[in-house]
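> let's see this in three dimensions:
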Amino acid sequence: MFVIRGAITAEKNTREEILQQTKKMLIEIMEKNQLALSDILSIQFTATKDLDAAYPAVAARELGITDAALFCMQEMYVVGSLPMCIRCSVFCEGDKKQSQAVHVYLEGARVLRPDLT
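Numbers count the residues shown, from 1 in each chain. Have a look, this model is predicted:
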């Protein structure tokens, strides 16, 4: 098992924006890591407190991730932290070593891991 981390920011707190940005992040994670839907065991999502119009897990289901366990939580608030951010940890089955996982930080979330972008 290996874990892939990802994050992306949203422009607006709307259902459409949250789902669109979550899908963008998940598609990028799947493409960069050459994942099949069946490789995904579970995904944990967090969203900052300013994103409450939709569960990010809905986007995963709409992409066909139906056999994996999905869990949504609110990101811990820290003064001065990045707003409007959706994060995920994708737990995968496969032969890859953890060091081979390609983590994805998109748009405003690039500031979270400048070493990876």
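> and the spatially most central residue of the chain, its phi and psi?
Centroid check for the chain by CA atoms, centre = their mean gives residue 88 as the closest residue, at 3.3 Å. Here the main-chain torsion angles of residue 88 (degrees, to the nearest 10) amount to phi -150, psi 160.
> equivalent analysis for residue 109, please.
phi -70, psi -10.
> now it, nearest residue through space, not along the chain?
residue 7 (3.7 Å; CB to CB, 6 or more residues apart in numbering). Placement of C-beta: from N, CA and C, glycine included.
> now do the helices in this protein.
In the chain, the helices defined using DSSP state H lie at 15-32, 56-62.
> circling back: quick one, what contacts the residue nearest to residue 109?
By CB atoms under 8 Å, 6 or more residues apart in numbering, the contact set of residue 7 is 25, 85-88, 104-106, 109, 112-113.
> tell me the one of these nearest residue 68?
Taking CB to CB as the measure, residue 68 sits nearest to residue 88 out of the contacts of residue 7, at 11.5 Å.
> surely the closest one meets residue 24?
No. In this structure, residue 88 is not within contact of residue 24 by CB atoms under 8 Å, at 11.8 Å.
> separation between the residue nearest to the centre of the chain and residue 109?
Distance check for residue 88 against residue 109: by CB to CB, to the nearest Å, it reads 11 Å.
> next one: residue 20
Where residue 109 is concerned, residue 20 sits at a distance of 15 Å (CB to CB).
> what stretches of the chain score poorly on pLDDT?
Residue ranges of the chain with pLDDT under 70: 117.
> rerun at 80
For the chain, the stretches with pLDDT under 80 are 116-117.
> which residue is the nearest non-sequential neighbour of residue 59?
Nearest to residue 59 is residue 22, by CB to CB, 6+ apart, at 3.7 Å.
> for the residue sitting furthest away from the middle of the chain, give me phi and psi.
Largest separation from the mean C-alpha position in the chain: residue 79, at 22.1 Å (CA atoms, centre = their mean). The phi/psi pair for residue 79 (degrees, to the nearest 10) reads phi -50, psi 130.
> kindly report the same for residue 55.
Torsion angles, degrees, to the nearest 10, at residue 55: phi -80, psi 130.
> surely it meets residue 71?
No. Assessed by CB under 8 Å, residue 55 is found out of contact with residue 71, at 9.8 Å.
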